[in-house]
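# Let's see this in three dimensions:
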Amino acid sequence: MKRSSAFPIVVSGPSGSGKTTLLEKLVPADPRLKLSVSATTRPAREGEREGKAYFFVSPERFESLKDGELAEWAEVHGYWYGTPKRFLREQLENGCDVVMNLDVQGGLQVKKAFPEAVLIFILPPSYSVLRRRIEERGLDGAGTIEVRLENARREIEEARRYDYLVVNDGLDQAVADLGAIISAERSRRERRLGEFMKTFYGA
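Predicted coordinates for the structure are as follows:
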């Protein structure tokens with residue numbers, strides 16, 4: 001039976017918060033979760049499959065999608081990325097709760113397009129831990145690290161606009177916290193009651 005009560009889930013957090021790692025553990029463990037697939041103007045890399053990694057489109061096609069066909073979009077390193085509303089609706093109608101790893105701007109755009117969306121913000125346990133995580137990755141020079149930390153401060157200030165906050169002070173606990181939030185949201189009266197009544201009365 002299809003679940004009409006499925007909903008989008010946005011997970012945001014600053015660089016170094018661990019949100020990508022959390023989702024890599026969370027999503028495969030829950031068959032009712034589906035990772036979102038974005039449209040992008042970036043060329044496909046070796047091994048990337050259309051509709052799996054991304055929907056690869058031309059800049060002209062992406063521009064036309066921005067006219068009401070995307071739930072959110074942003075430019076990153078010279079390429080455009082966005083979430084097609086059609087993809088979201090198809091997954092939701094099939095009973096999948098769709099998970100999106102987005103920045104705050106994208107998350108708020110999704111909430112506007114899909115008011116039923118649940119927004120979850122991943123926080124580091126402290127500023128010093130965040131700095132250490134970014135430094136230990138070994139991907140950035142000192143100047144870039146400072147830029148990432150300043151961006152993190154600004155993003156964290158926006159966390160008050162989210163529905164839930166999860167402090168990632170340990171991977172397993174943070175994954176469990178995310179799972180608990182999703183489970184609770186699935187049990188909301190407005191999502192479950194209509195579905196239950198249809199089943200109960202055999203409609």
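
# How much space separates residue 57 from residue 86?
Using CB to CB, to the nearest Å, we find residue 57 at a distance of 13 Å from residue 86. All C-beta atoms are positioned from the backbone trio N, CA, C, and that covers glycine.

# Show me which of these two is the more surrounded one.
For residue 57 versus residue 86, the count of surrounding residues by other CB atoms under 10 Å is larger for residue 57: 19 against 13.

# Quick check: that one touching residue 40?
Yes. Residue 57 lies in contact with residue 40 (CB atoms under 8 Å); the separation is 7.2 Å.

# SS state for the most centrally placed residue in the chain?
Nearest to the mean C-alpha position of the chain, by CA atoms, centre = their mean, lies residue 100 at 2.2 Å. The assignment at residue 100 comes out as strand when based on DSSP: H, G, I helix; E, B strand; the rest coil.

# list the contacts for the residue nearest to it when sequence neighbours are not counted?
Nearest residue to residue 100 in three dimensions, chain neighbours excluded: residue 36, at 4.3 Å (CB to CB, 6 or more residues apart in numbering). By CB atoms under 8 Å, 6 or more residues apart in numbering, the contact set of residue 36 is 8, 83, 87-88, 91, 98-101.

# Equivalent analysis for residue 125, please.
The neighbourhood of residue 125, defined by CB under 8 Å, 6+ apart, consists of 167-169.

# now, which of those sits nearest residue 50?
Residue 50 lies nearest to residue 168 out of the contacts of residue 125, by CB to CB, at 32.5 Å.

# Mind checking which of the contacts of residue 125 land in helices?
Among the contacts of residue 125, no member is found in helices (DSSP state H).

# In a markdown table, list those along with neighbour count, pLDDT and distance to residue 185.
Formatted as a markdown table, the contacts of residue 125 follow (neighbours: other CB atoms under 10 Å; pLDDT from 0 to 100; distance: CB to CB, whole Å):
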| residue | neighbour count | pLDDT | distance to residue 185 |
| --- | --- | --- | --- |
| 167 | 15 | 96 | 19 |
| 168 | 24 | 95 | 19 |
| 169 | 13 | 93 | 22 |
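
# Using a markdown table, please lay out those residues together with distance to residue 177.
Shown next, in a markdown table, are the contacts of residue 125 (distance: CB to CB, whole Å):
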| residue | distance to residue 177 |
| --- | --- |
| 167 | 8 |
| 168 | 9 |
| 169 | 10 |
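
# Setting the sequence-adjacent residues aside, check what's closest to residue 68.
Among residues not flanking residue 68 along the chain, residue 85 sits closest, at 7.9 Å (CB to CB, 6+ apart).

# Verify the stated contact: the one you found with residue 69.
Yes. Using CB under 8 Å, residue 85 is in contact with residue 69, at 5.8 Å.

# Next, show the common contact partners of the two.
In contact with both residue 85 and residue 69: no residue, using CB under 8 Å, 6+ apart.

# Tell me the spacing between the residue nearest to residue 100 and residue 10.
Taking CB to CB as the measure, residue 36 falls 9 Å from residue 10.

# All set, thanks.
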